[in-house]
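J.: here is my input, please return the structure:
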Amino acid sequence: MEDPQVAERTFAGIAATGVRWVRVDLRWYLVEPHGPSLSSGQADWSEMDAIVRAADRHGLQLLPILGYSPAWTTDEHVHWAFPDAAPFENFFEAALRRYPQIAAWELWNEPNFRVFAKPQPDPAGFVAFLRSADRVRDRANPGAKLISGGLAPGGDIDILPWVDEVARLGGLELVDGLGVHPYSPWQPDDPRALMMRLESLHERLAFLGRPDLALWLTEYGAPTAANASGWGPALTEKEQARRLRVAFALATRLPFIENLTWFEYRDGCVEPALADCHFGLVRDDLSLRPAYHALRDVIAGTRTLLRSRLALSSRVARRVRPASETVRVKGTLLLPGSARSRSRITLRVLPRGERPTTLKILVSGGAFHTHLRRHGRGPWRIEARYAGSHVYEPAVARTRLGP
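T.: This is a model prediction of the structure:
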């Protein structure tokens with residue numbers, strides 16, 4: 001951002017995708033590096049001023065991250081330690097008044113990780129920080145939204161215990177959105193992925209008294225590194241674009257998600273084996289990756305079908321006589337982002353030597369079952385089909401019941 005031409009190309013490229021929100025760092029330690037300077041007019045807002053001017057020119061709304069404390073504001077003398085209340089409140093009030101056009105502010109980054117919360121993650125310290133921000137917001141810009149710093153999986157305190165403790169301390173009442181970073185080594189619509197557990201997290205918020213609290217997915221991405229890493233398997237650029245499409249398709253299915261921010265716009269470095277270097281929609285030289293075009297297509301309204309997963313099993317439930325049995329057929333249909341929906345599948349039973357039977361089965365809450373009368377000793381083939389929809393891919397599952 002220090003090079004005006006690079007800054008202009010960056011914000012013009014972002015705007016060309018149709019994106020309207022950009023998450024940025026507001027590095028407080030650059031504004032006041034040596035001590036309190038706001039009242040004397042010595043504070044250096046030049047970096048953020050340049051970012052705000054560029055965003056305004058291109059009609060982009062900013063989501064700044066409030067963190068990066070100057071060393072003189074903390075006992076730990078590091079950027080990722082919670083600051084004393086007074087200097088932080090002075091700084092945040094100055095930022096709110098300087099940039100009244102900014103509609104939402106993210107309070108810290110991944111506070112459940114030791115690397116971003118020195119000396120260790122501290123829910124009580126974080127809630128005190130939220131209280132300071134809320135006090136300032138009320139007097140300087142009551143309309144601004146406060147988003148709690150994005151929580152990521154694998155932290156020193158896991159997401160649910162962190163949320164429970166912040167709720168117990170009253171922290172959920174101080175924010176307008178809960179930040180989450182749903183990184184996962186798996187595709188977003190894989191049942192193991194954190195993105196697929198966001199419904200449970202939202203239900204937890206309802207249990208804790210905040211059913212209205214939206215989720216802001218302020219970081220999600222996938223690197224194109226040549227080697228597997230903690231972020232997941234090695235991905236090609238085409239596979240990265242696919243993950244982006246699926247993530248946004250899934251997020252639009254979940255009404256409690258307010259924001260999904262792709263991390264990141266531009267590669268942070270060029271080392272080919274380092275995954276952290278290759279999250280960008282564009283490369284370090286600002287050339288476009290397939291993911292850039294994918295994001296532009298998503299915002300233009302191009303649909304991506306989510307993967308439906310159909311499983312089927314059968315077993316003899318009750319023997320009546322050797323030639324006649326009751327067979328229980330059951331299964332599951334997983335439709336990402338639609339756990340409470342009702343769907344229908346077609347069940348075909350193909351007994352050897354007999355006429356096939358076709359049934360329409362209702363799937364409720366992702367599960368289905370039925371009982372069939374089996375005649376004869378020959379094996380059965382049973383096939384379940386989901387026809388798909390404008391949101392979901394079709395799926396088929398088969399099982400066999402022997403003699």
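
J.: from here on, contacts and neighbour counts on C-alpha atoms
T.: Will do.

J.: end to end, how far does stretch 28-44 reach?
T.: Chord length of stretch 28-44, first to last residue, is 9 Å (CA to CA, to the nearest Å).

J.: buried sites along that stretch?
T.: Along stretch 28-44, these residues count as buried under the neighbour rule (16 or more other CA atoms under 10 Å): 28-33, 36, 43-44.

J.: which residues does it contact?
T.: 45, 66-72, 79, 87, 90-91, 94 (CA atoms under 8 Å, 6 or more residues apart in numbering).

J.: go on, stretch 1-19?
T.: So stretch 1-19 is contacted by 47, 50-51, 54-55, 58-60, 265, 286, 292-293, 295-297, 299-300 (CA under 8 Å, 6+ apart).

J.: low-confidence regions, the chain specifically.
T.: Applying pLDDT under 70 to the chain flags residues 317-324, 339-341, 375-378, 403.

J.: for it, what spans make up the strands?
T.: Using DSSP state E, the strands of the chain run over residues 21-27, 61-67, 104-109, 145-151, 177-180, 214-220, 257-262, 309-321, 324-334, 342-351, 357-364, 367-375, 380-386, 395-401.

J.: quick one, the first one and strand 104-109 angle?
T.: With axes from the mean of the first three to the mean of the last three CA atoms, to 10 degrees defining the directions, strand 21-27 sits at 50 degrees from strand 104-109.

J.: equivalent analysis for the fourth one, please.
T.: Here the directions of strand 145-151 and strand 104-109 differ by 30 degrees (the same axes, to 10 degrees).

J.: against which helices or strands is strand 145-151 packed?
T.: Secondary-structure packing of strand 145-151 (3 or more CA pairs under 8 Å, 6 or more residues apart in numbering; DSSP states H and E): strand 104-109, helix 123-140, strand 177-180, strand 214-220.

J.: may I see these arranged in TSV, with mean neighbour count and distance to residue 196 as well?
T.: Output for the helices and strands packed on strand 145-151, formatted as TSV (neighbours: other CA atoms under 10 Å; distance: least, CA to CA, whole Å):
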stretch	mean neighbour count	distance to residue 196
strand 104-109	23	22
helix 123-140	18	25
strand 177-180	26	13
strand 214-220	23	13
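
J.: make CSV out of these and add distance to residue 361.
T.: Output for these, formatted as CSV (distance: least, CA to CA, whole Å):
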stretch, distance to residue 361
strand 104-109, 46
helix 123-140, 48
strand 177-180, 37
strand 214-220, 34
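
J.: those: which one's closest to residue 333?
T.: In terms of CA to CA, the element of the helices and strands packed on strand 145-151 nearest to residue 333 is strand 214-220, at 25.6 Å.

J.: what's the domain layout of the chain?
T.: 4-300, 309-401 (automatic domain parsing).

J.: please work out which of those is packed deepest.
T.: Highest mean neighbour count of those: domain 4-300, a mean of 18 (counted as mean count of other CA atoms under 10 Å).

J.: picking that back up, and of the strands of the chain, who's closest to residue 139?
T.: That would be strand 145-151 among the strands of the chain, by CA to CA, at 13.3 Å.

J.: paired strands for that closest one, with orientation please.
T.: strand 104-109 (parallel), strand 177-180 (parallel) (DSSP bridges).

J.: out of the ones you listed, flag the one nearest residue 278.
T.: Among the strands paired with strand 145-151, the nearest to residue 278 by CA to CA is strand 104-109 (20.1 Å).

J.: quick check: residue 344 touching residue 359?
T.: No - the criterion here is CA atoms under 8 Å, and residue 344 misses it with residue 359 at 10.1 Å.

J.: between the two ends of stretch 60-80, how far is it?
T.: Termini of stretch 60-80 sit 28 Å apart (CA to CA).

J.: now do that stretch: everything it contacts.
T.: Residues outside stretch 60-80 that contact it (CA under 8 Å, 6+ apart) are 15, 19-30, 32-35, 52, 55, 81-84, 87-88, 102-109, 115-119, 149.

J.: and for stretch 298-309?
T.: Taking CA under 8 Å, 6+ apart as the rule, stretch 298-309 contacts 17-19, 189, 245-246, 248-250, 332-336, 388, 390-395.

J.: still on that earlier bit, would you tell me which of the helices and strands packed on strand 145-151 gets closest to residue 353?
T.: Short answer: strand 214-220, nearest of the helices and strands packed on strand 145-151 by CA to CA, at 53.6 Å.

J.: compute the inter-axis angle for that closest one and strand 104-109.
T.: Counting by the same axes, to 10 degrees, strand 214-220 points 60 degrees away from the direction of strand 104-109.

J.: ok, back up a step: just the contacts of stretch 28-44 now: which is nearest residue 206?
T.: Of these, the one sitting nearest to residue 206 (CA to CA) turns out to be residue 66, at 26.7 Å.

J.: beta partners for the closest one?
T.: Assigned bridge partners for residue 66, using DSSP bridges, are residue 26, residue 107.

J.: now do residue 151
T.: Residues in beta-bridge contact with residue 151 (DSSP bridges): residue 180.

J.: hmm, residue 159 and it touching each other?
T.: Yes - between residue 151 and residue 159 there is a contact under CA under 8 Å: 6.3 Å.

J.: got any residues that touch both of the two?
T.: With CA under 8 Å, 6+ apart as the test, residue 151 and residue 159 both reach residue 112.

J.: can you tell me, leaving aside adjacent residues, what's nearest to residue 295?
T.: Closest residue to residue 295 in three dimensions, ignoring its sequence neighbours and counting by CA to CA, 6 or more residues apart in numbering: residue 17, at 6.6 Å.

J.: do residue 364 as well
T.: residue 342 (4.7 Å).

J.: so who does that neighbour touch?
T.: 362-366.

J.: what sits against residue 20?
T.: Taking CA under 8 Å, 6+ apart as the test, what residue 20 contacts is 59-61.

J.: could I get the residues you listed as a markdown table with distance to residue 383?
T.: What follows is those, written out as a markdown table (distance: CA to CA, whole Å):
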| residue | distance to residue 383 |
| --- | --- |
| 59 | 53 |
| 60 | 51 |
| 61 | 50 |
